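Engineer: Sequence plus the predicted model coming up.
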Amino acid sequence: MAATPAGDVDYERHGHGYATRRRTDPRIAAHVHAALGPARTVVNVGAGAGSYEPRDRHVVAVEPSAAMRAQRPRHLVPALDATAERLPFDDDSFDAAMATITVHQWADAERGLRELRRVSRGPVVVLTFDGDALGLFWLAEYAPELIAAERRRLPPIDTIASLIGTTADVVPVPIPIDCADGFAEAYYARPERLLDPRVRASQSAWGFIGDDAETRAVHRLSRDLDSGAWDSRYGHLRHQPEFAGSLRLVVGHP
């Protein structure tokens, strides 16, 4: 019998290939690791294939998907099979807690965020996207259904901040032009990459809009790239070193 997905995406079916296309970008990782401060013990929740886990600290990884746990490279610790909503740890077990590009996929994000706060005696670091800023990305013109779906999934930034600390910092994270992590905005300057179904398959949002909407979006983008219409409107992005999009680092303090 197939396992019931722990969140809104069945990673047993759709998680293969994440380790290849959703890799750690070192510049984004620098923001995450700096936010962990001097923490020596860190719990990484929704750890997936291990992106953004620091290597210079003791990490306990939590990941409910067997397919994702199997993709973790050998130099990382094996992940525990558990969910964010029910972390199997005592209060204040870790110096810090982290969750990177995962909270929008949890079955109960508020409960999971409270669990992060419960098990950390120090900072709680959440890398996520701001639904209010998704319209800054040109893909909103081609796939409005995708943007609408993501806005429904993403917990509001203010809600995240209120649940993970008595005070919290919200830091916009610039996306580099050659970003190694293959989320949608990572290709702001490389639109042709979004025509590749393998790239889209590692972006969970496409699974929420239906085949017809995805086909329309890809057709529009392909047509405008062929005609030069995309470059007429957005070609300047091909040479823009960074994109100030929706990526946010939310750091909660006890």
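Structural biologist: It's in. Residues are numbered from 1 along each chain as shown.
Engineer: give me the low-pLDDT residue ranges for the stretch 51-200 of the chain?
Structural biologist: For the stretch 51-200 of the chain, no stretch is flagged by pLDDT under 70.
Engineer: Helices of that one, start to end?
Structural biologist: Along the stretch 51-200 of the chain, the segments classed as helices by DSSP state H, counting those that start in this stretch run 66-70, 109-119, 139-142, 144-153, 157-164, 197-201.
Engineer: The fifth one packs against which elements?
Structural biologist: Based on contacts counted as 3 or more Cβ pairs under 8 Å, 6 or more residues apart in numbering; DSSP states H and E, the elements that helix 157-164 packs against are helix 109-119, strand 124-129, strand 167-172, strand 247-253. Every residue, glycine included, has its C-beta placed from N, CA and C.
Engineer: which stretch among those comes nearest Thr100?
Structural biologist: strand 124-129 (4.1 Å; Cβ to Cβ).
Engineer: And the contacts of the closest one?
Structural biologist: Here strand 124-129 makes contact (Cβ atoms under 8 Å, 6 or more residues apart in numbering) with 28, 31-32, 35-36, 52, 96-101, 103-104, 113, 116-117, 150, 154-155, 157, 160, 164-165, 173, 246-252.
Engineer: Now restrict the residues you listed to buried residues only.
Structural biologist: 28, 31-32, 35-36, 52, 96-101, 103-104, 113, 116-117, 150, 154-155, 157, 160, 164-165, 173, 246-252 (16 or more other Cβ atoms under 10 Å).
Engineer: Show me where the stretch 1-150 of the chain has its strands.
Structural biologist: 41-45, 58-62, 96-100, 124-129 (DSSP state E, counting those that start in this stretch).
Engineer: Give me the mean pLDDT for whichever strand or helix holds Asp212.
Structural biologist: Using DSSP states H and E, Asp212 maps to helix 210-227. For helix 210-227, the mean pLDDT works out to 97.
Engineer: pull the CA atoms of it into PDB?
Structural biologist: Taking Å, rounded to 0.1, in the frame of the first residue of the first chain, the C-alpha atoms of helix 210-227 are listed here in PDB:
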ATOM      1  CA  GLY A 210      -3.500  21.200 -14.400                       C
ATOM      2  CA  ASP A 211      -2.100  20.000 -17.700                       C
ATOM      3  CA  ASP A 212      -4.000  22.500 -19.900                       C
ATOM      4  CA  ALA A 213      -2.800  25.500 -18.000                       C
ATOM      5  CA  GLU A 214       0.800  24.300 -18.000                       C
ATOM      6  CA  THR A 215       0.600  23.600 -21.800                       C
ATOM      7  CA  ARG A 216      -0.800  27.100 -22.400                       C
ATOM      8  CA  ALA A 217       1.900  28.700 -20.400                       C
ATOM      9  CA  VAL A 218       4.700  26.800 -22.100                       C
ATOM     10  CA  HIS A 219       3.200  27.600 -25.500                       C
ATOM     11  CA  ARG A 220       3.000  31.300 -24.800                       C
ATOM     12  CA  LEU A 221       6.600  31.400 -23.500                       C
ATOM     13  CA  SER A 222       7.900  29.400 -26.400                       C
ATOM     14  CA  ARG A 223       6.100  31.600 -28.900                       C
ATOM     15  CA  ASP A 224       7.400  34.800 -27.400                       C
ATOM     16  CA  LEU A 225      11.000  33.500 -27.200                       C
ATOM     17  CA  ASP A 226      10.900  32.400 -30.800                       C
ATOM     18  CA  SER A 227       9.400  35.800 -31.900                       C
END
